[in-house]
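Engineer: Sequence below, structure please.
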Amino acid sequence: MYSTKTATTSNEEFSSLYMPVGINENITLKEVNVNKTTQGRDFLEIIFENEQGQTATMTEWKNEKNQWIVTDEDLQRRDNQQFGRILQIVDCFGLRPEFEGSSFVEMINWVKNLLDIYKSQNNAKLRLKVVYDKKGFTKVSSLGTFVEPMSVEESQIKLWKNDLLERPVVADKEPAADPLSITAAPVTADSTGADDLPF
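Structural biologist: This next block holds a predicted model:
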């Protein structure tokens, strides 16, 4: 029911649950999770939080061979890049212990345990780059340096041309009509055999 007596207008600014796009300061590490999808795929989820309680998430999946990752060397290169991204976060909290692992699951469990220890000992303030993904959701950037301690005076975080800083606009798609499909003709008085002539 609609009524002029109960209609409301809000004059308050909208507050999103997600961290704004750009370089954010005074960010803390909220939590680190190792999860598994219903299909059995393991992934690492690192959640950052600002002072307003807004969050940004970084998710890392196991690299697998596909049309872009063809050889074992390609796969190792991707794994090295992925581990380098993750180690940027580890390096924000202090000394990095040595690690040699043979599987993705072993690596993400090592990262989770290490970051949980660092977080409990020293919840350092960070500088973090947040961008949009292709679907228009915010995420932690995966390009270049994306995180550093606030103690760094000359920031190494840069906004690159490939960083998506404006939400992509995706137009609604009209379903294509199949010209060969048979559709039922609308039922009218003439099609039912009824004759509306007076004689």
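
Engineer: for this protein, what spans make up the helices?
Structural biologist: Assignment of helices within the chain using DSSP state H yields the ranges 72-91, 104-121.

Engineer: got any ranges where this structure has weak pLDDT?
Structural biologist: 10-15, 170-172, 178-179, 181-199 (pLDDT under 70).

Engineer: Just give me the residue right at the centre of it.
Structural biologist: Residue closest to the average C-alpha location in the chain (CA atoms, centre = their mean): K139, at 4.0 Å.

Engineer: partners of the longest strand anywhere in the chain in the sheet?
Structural biologist: For the chain, the strand reaching the highest residue count under DSSP state E is reported as strand 22-36. Strand 22-36 has these partner strands in its sheet, going by DSSP bridges: strand 42-49 (antiparallel), strand 126-132 (antiparallel).

Engineer: In TSV, list those along with distance to L165 and mean neighbour count.
Structural biologist: Using the backbone N, CA and C atoms, a C-beta is placed for each residue, glycine as well. Formatted as TSV, the strands paired with strand 22-36 follow (distance: least, CB to CB, whole Å; neighbours: other CB atoms under 10 Å):
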stretch	distance to L165	mean neighbour count
strand 42-49	18	18
strand 126-132	6	23
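
Engineer: can I get the ones you listed in JSON lines with distance to A56?
Structural biologist: Output for the strands paired with strand 22-36, formatted as JSON lines (distance: least, CB to CB, whole Å):
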{"stretch": "strand 42-49", "distance to A56": "5"}
{"stretch": "strand 126-132", "distance to A56": "5"}
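
Engineer: Of all the ones you listed, which one comes closest to T28?
Structural biologist: Nearest of the strands paired with strand 22-36 to T28, taken as CB to CB: strand 42-49 at 5.6 Å.

Engineer: excluding its backbone neighbours, what's nearest the residue nearest to the centre of the chain?
Structural biologist: D133 (5.1 Å; CB to CB, 6 or more residues apart in numbering).
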